[in-house]
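Trainee: Turn this into a model:
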Amino acid sequence: MTPLVYLLAIVLGFVGIVFIVGAQGQVIRIVVGVVLFVAAGALVYLTRARPQQTTLVQKIDLSGDVSAQELKCKNCGATLSSKSLSVKGGAIFVNCEHCGTAYQLEEEPKW
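Mentor: Residues are numbered from 1 along each chain as shown. Now for the predicted structure:
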C-alpha cells in the first residue's frame, strides 16, 4: 500500500508543478498547482507519520520432557487455573486467586 501512496504523491506533485509552470499569469492555475503540490506533500507526511503495526510473539523454551499437570498453590494447596499464571520477563509467575500468594514458578532439577 505504501508504494502506491508514494506513486500517487509523485503524480500529484508533478501535475501541481505542471500547473504552476504553465500558469502564464492565471491565478486559478497557480492556486490549483499549489493545492496539488501541498496534497502530494500531505500524502507523504501522513504515510510516514502513521504508526507501524508490530506483532509481539513470546515463546517459552522448556528443557526436558513437559507434560500437563494440575498445578496447586504452594501456600494453600488450591488448584490453580490459567488465570493464575502470567509470564513476565521470560519467567512464569503464579498469583493464587484463593489466598493471594504470589511467587515465581521454578523448574526443579531432574536428578
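Trainee: Give me the helices and strands touching the helix ranked longest in the chain, please.
Mentor: Taking DSSP state H as the assignment, the helix of the chain that covers the most residues is helix 27-49. In terms of contacts (3 or more Cβ pairs under 8 Å, 6 or more residues apart in numbering; DSSP states H and E), helix 27-49 is packed against helix 2-21. Glycine gets a C-beta too; all of them are placed from N, C-alpha and C.
Trainee: Kindly report the domain assignment for the chain.
Mentor: Following automatic domain parsing, one finds the domains of the chain at 2-49, 71-111.
Trainee: Please identify the most buried of these.
Mentor: Comparing the domains of the chain on average neighbours per residue, with mean count of other Cβ atoms under 10 Å, the densest one is domain 2-49 at a mean of 14.
Trainee: Flag the shaky bits of the protein, pLDDT-wise.
Mentor: Residues of the chain that meet the criterion pLDDT under 70 lie in 1, 66, 68, 110-111.
Trainee: rewinding a little: TSV for the domains of the chain, including distance to Thr55?
Mentor: Output for those, formatted as TSV (distance: least, Cβ to Cβ, whole Å):
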stretch	distance to Thr55
domain 2-49	18
domain 71-111	16
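Trainee: between those, which one is nearest to Gln58?
Mentor: Ranking the domains of the chain by proximity to Gln58 (Cβ to Cβ) places domain 71-111 first, at 6.2 Å.
Trainee: for the residue lying closest to Leu12 once chain neighbours are set aside, what are its contacts?
Mentor: Of all residues not flanking Leu12 in the chain, Ala40 sits nearest, at 3.9 Å (Cβ to Cβ, 6 or more residues apart in numbering). Under the criterion of Cβ atoms under 8 Å, 6 or more residues apart in numbering, the contact partners of Ala40 comprise Ala9, Ile10, Val11, Leu12, Gly13, Gly16.
Trainee: again, 10 Å this time
Mentor: Tyr6, Leu8, Ala9, Ile10, Val11, Leu12, Gly13, Phe14, Val15, Gly16, Ile17 (Cβ atoms under 10 Å, 6 or more residues apart in numbering).
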